[in-house]
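# need a 3D model of the following:
(one chain, ligands or ions: 1)
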Amino acid sequence: MVDCMQVVQLNNISLRYDHDNVMDEISVSVHEGEYVVILGASGCGKTSLLRMIAGLIAPTSGTIFLSGRDVTRVAPRHRDVALVPQQAGVYPHWPIGRSIGMGVRGRLSRADREQRIREAAQMVDLESLLDRLPEQLSGGQLRRAAVAKAIASRASVRLLDEPLSAIDANLRFQIEKDLLRLHHQSPGVTLHVTHDGAEAMRLASRVAVIEDGRIAQFDTPEQLRTRPATPGVASALGRSALITIPVTQIDGAWVSEDGRRVGGPDAATGSSAVLGYYEEDLQPLEKAESGEGSAIAGRWFDHQRNATVDHDRIFWFVG
Ligand SMILES: Nc1ncnc2c1ncn2[C@@H]1O[C@H](COP(=O)(O)OP(=O)(O)OP(=O)(O)O)[C@@H](O)[C@H]1O
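All right, here's what the predicted structure looks like:
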């Protein structure tokens, strides 16, 4: 049975450019009302993923369903999708009102079309600037114009490619609020691409973390914060540098390469794991504690940094 609450469904999507494998068997379902952030390092294939959903490139294998319809071979204009690309998405020689109007689809009277443009511009505070050329706008206003174009389309799948890059911090928080408000006012889903972990955690209902061409984890921000699936996921959240230590299970204890023992999850003898913690969770060693300090109760001693971290701040990545 087709589940229509799944607005975007990617089934075993792989993507290869020439001989480079960019994506490997990715499967994702995004439900009505979700704001999903796709998080990954530069070059991991985030833009390519959006372009596949928009229909600008075809996956090497796998299928794409939008609102229950197989669109894998459907042209972009026949998909219910609006893409805000990394580079503005407005035409350089046109007043931005006209570019926003290009987002409006369907046969509308001129008055209705202009009404739609005005409404979209109003939502991003650009109503008074519709006659300006892109070169007469600031970077932030240009971004808003591109978002307005997506709003005007009323598409149920909105794809935003790094919408906040190159925007200064104050404005960035304002636009984040706008993006969430616009999302909640419109039916459908938003897929937002970024490499900024903090931004992902602030905005998302769920975050899909891409690592080595796969979805390493697709979870709520809370789950990611408390139970990151891999060291790569924990690093991508960007809280601070992640320190990792490989350990092996020997007779009921985990043992590091330098022979130190530490308690952790149960596993068979011979299993390997990595324990990790954020640099920001380290506490400098008190003078009284220094000296022979590898076994300080309840804490792991980080020799290199002469600091300790509580055991409950340690993440375990087993297997
Ligand atoms: N048309 C193309 N032909 C060949 N390789 C490509 C093409 N487009 C992208 N690539 C490569 O595919 C990989 C993924 O690119 P993509 O732009 O999707 O990554 P990204 O995660 O969006 O990166 P960024 O965060 O830097 O924008 C990169 O290694 C890129 O060089």
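# let me see the contact set for the closest residue to the ligand within the stretch 151-300 of the chain.
In the stretch 151-300 of the chain, the residue that lies nearest the ligand is residue 195 (5.3 Å; Cβ to the nearest ligand atom). C-beta: built from backbone N, CA, C; applies to glycine. Neighbour list for residue 195: 39-42, 46, 162 [criterion: Cβ atoms under 8 Å, 6 or more residues apart in numbering].
# now with 6 Å?
residue 42 (Cβ atoms under 6 Å, 6 or more residues apart in numbering).
# quick one: it from residue 41, how far?
Distance from residue 195 to residue 41, counting by Cβ to Cβ, to the nearest Å: 6 Å.
# okay, residue 296: pLDDT?
Looking at residue 296, its pLDDT stands at 63.
# what segments of the stretch 1-150 of the chain are helices?
46-54, 96-103, 110-123, 139-153 (DSSP state H, counting those that start in this stretch).
# got the buried residues for stretch 165-174?
Across stretch 165-174, burial judged by 16 or more other Cβ atoms under 10 Å covers 167, 171-172.
# meant to ask about stretch 108-120
116-118, 120.
# ok, whichever helix or strand residue 209 is part of: who's next to it in the sheet?
Using DSSP states H and E, the element containing residue 209 is strand 206-211. Strand 206-211 pairs in its sheet with strand 35-39 (parallel), strand 214-219 (antiparallel), by DSSP bridges.
# and for the helix or strand that the longest one is followed by, what's in contact with it?
From strand 214-219 onward toward the C-terminus, using DSSP H and E, the following helix or strand is helix 221-226. Residues external to helix 221-226 that are found in contact with it (Cβ under 6 Å, 6+ apart): 201, 204, 207.
# avg pLDDT for helix 221-226?
For helix 221-226, the per-residue pLDDT averages 96.
# want to throw the buried residues of stretch 108-120 into JSON lines with pLDDT?
Below are the buried residues of stretch 108-120 laid out as JSON lines (pLDDT from 0 to 100):
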{"residue": "116", "pLDDT": "87"}
{"residue": "117", "pLDDT": "90"}
{"residue": "118", "pLDDT": "91"}
{"residue": "120", "pLDDT": "85"}
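# got TSV for these, with distance to residue 133 too?
Output for the buried residues of stretch 108-120, formatted as TSV (distance: Cβ to Cβ, whole Å):
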residue	distance to residue 133
116	21
117	16
118	18
120	18
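# point out where the stretch 151-300 of the chain drops to low pLDDT.
Across the stretch 151-300 of the chain, the ranges flagged by pLDDT under 70 are 166, 287-297.
# let's see that with 50 instead.
291-294 (pLDDT under 50).
# can you list the residues of it near the ligand?
residue 195 (Cβ under 6 Å from any ligand atom).
# where do the strands sit along the stretch 151-300 of the chain?
Applying DSSP state E, counting those that start in this stretch to the stretch 151-300 of the chain gives strands spanning 157-161, 189-194, 206-211, 214-219, 242-250, 253-256, 261-262, 272-278, 283-284, 299-302.
# tilt between the second one and strand 206-211?
Angle of strand 189-194 versus strand 206-211, following axes from the mean of the first three to the mean of the last three Cα atoms, to 10 degrees, is 40 degrees.
# direction included, what does strand 189-194 pair against?
Partners of strand 189-194 in its sheet, by DSSP bridges: strand 35-39 (parallel), strand 157-161 (parallel).
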